[in-house]
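> Structure here, sequence nowhere to be found:
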């Protein structure tokens with residue numbers, strides 16, 4: 001690696017971790033195939049919508065089956081309907097579900113299980129310096145599993161949001177797919193929507209002390225009233241359904257951050273667990289860059305030594321030939 005390339009690398013390198021949310025196959029027709037009498041589909045959509053609206057994700061990407069007329073895909077080998085009567089580009093059924101279309105996610109069409117089956121998505125995530133990929137959508141045992149595995153293979157910190165994914169193959173296939181992901185990628189791959197959203201919201205205020213020194217005080221607030229932080233216990237309803245993250249969020253105020261009382265920013269934060277993982281990732285990146293910077297300094301030093309050696313050699317050659325040193329020539 002030349003000095004110029006190394007210097008360009010450091011100019012482009014970003015230290016801050018950058019998470020992206022992938023909405024996989026959240027089309028009208030694929031959601032219609034999900035079993036669960038509508039409740040499961042509703043929960044998946046609600047949690048995906050909550051995540052897409054979160055300030056935590058800097059990128060929200062919509063990856064759906066989208067087969068143009070005459071376009072080949074190996075999925076037709078197992079399902080002749082693919083590209084003929086299902087997942088056909090520009091048809092109503094292949095469109096993104098209306099509940100998520102209002103968030104204007106970036107659309108990347110796909111023609112196979114994995115969102116990475118085309119190189120376009122990978123190139124875009126790399127160009128955007130994405131470090132963490134969170135996945136929700138359909139189907140857990142096919143497209144979700146394939147996308148998560150490929151994301152992990154491409155060195156992204158990968159998470160599957162368990163209460164924002166489902167499958168048309170039933171609960172058994174869903175559970176088996178999640179178990180396989182923990183075996184192949186690790187136990188940390190599985191998170192819930194509430195893991196990615198703050199369950200405690202805060203307000204930072206600049207407070208003037210008597211000695212005119214400023215400091216930041218953090219307070220837990222709910223409905224603009226100061227409260228003691230308590231652990232919330234979530235129980236199943238009478239039908240045995242766990243409340244969605246969207247329902248839980250309705251009882252919690254949004255994050256408010258004030259700087260000197262002049263401005264504020266709203267939106268849920270990442271949970272402490274996810275923040276700690278991202279902080280660890282940032283430390284790894286910083287250590288790697290420090291190591292590369294040390295190598296860069298070594299490359300520069302070797303270049304200087306080689307240049308001095310070439311200069312000394314040229315001077316000696318002129319002396320051997322009885323010529324004056326260049327500095328003494330008129």
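Now that the structure is in, tell me what you want to look at. Note that the structure is predicted; figures quoted are calculated from it, not measured.
> tell me the helices in the stretch 51-200 of the chain, going along the chain?
98-101, 119-127, 145-153, 171-184, 193-196 (DSSP state H, counting those that start in this stretch).
> would you list these in CSV and tack on distance to residue 50 and mean pLDDT?
The way it works is simple: take the backbone N, C-alpha and C, and place the C-beta from them, glycine included. What follows is these, written out as CSV (distance: least, Cβ to Cβ, whole Å; pLDDT from 0 to 100):
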stretch, distance to residue 50, mean pLDDT
helix 98-101, 11, 92
helix 119-127, 22, 94
helix 145-153, 20, 97
helix 171-184, 20, 94
helix 193-196, 6, 86
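> Looking at the ones you listed, spot the one closest to residue 41.
Closest approach to residue 41 among the helices of the stretch 51-200 of the chain (Cβ to Cβ): helix 98-101, 10.3 Å.
> what's the closest one in contact with?
Helix 98-101 has contacts (Cβ atoms under 8 Å, 6 or more residues apart in numbering) with 23, 26, 45, 46, 48, 49, 52, 62, 95.
> Just name the closest of those to residue 185, please.
When the contacts of helix 98-101 are compared against residue 185 (criterion: Cβ to Cβ), the nearest one is residue 23, at 19.8 Å.
> The closest one - that's part of a strand, no?
Yes: if the criterion is DSSP: H, G, I helix; E, B strand; the rest coil, then residue 23 is within a strand.
> if we can go back for a sec, what subset of the contacts of helix 98-101 is buried?
Using 16 or more other Cβ atoms under 10 Å as the burial test, these include 23, 26, 45, 46, 48, 49, 52, 62 as buried.
> What segments of the stretch 51-200 of the chain are strands?
59-65, 106-110, 132-138, 157-166, 190-191 (DSSP state E, counting those that start in this stretch).
> Could I get the average pLDDT for the first one?
Think strand 59-65. In this model, strand 59-65 has a mean pLDDT of 95.
> Residue 94 against residue 82, yeah?
No: Residue 94 lies out of contact with residue 82 (Cβ atoms under 8 Å); the separation is 11.0 Å.
> joint contacts of these two?
Jointly contacting residue 94 and residue 82 under the rule Cβ under 8 Å, 6+ apart are residue 65.
> State the mean pLDDT of the helix of greatest length in the chain.
The helix that spans the most residues within the chain, counting by DSSP state H, is helix 272-320. Helix 272-320 shows an average pLDDT of 77 in the prediction.
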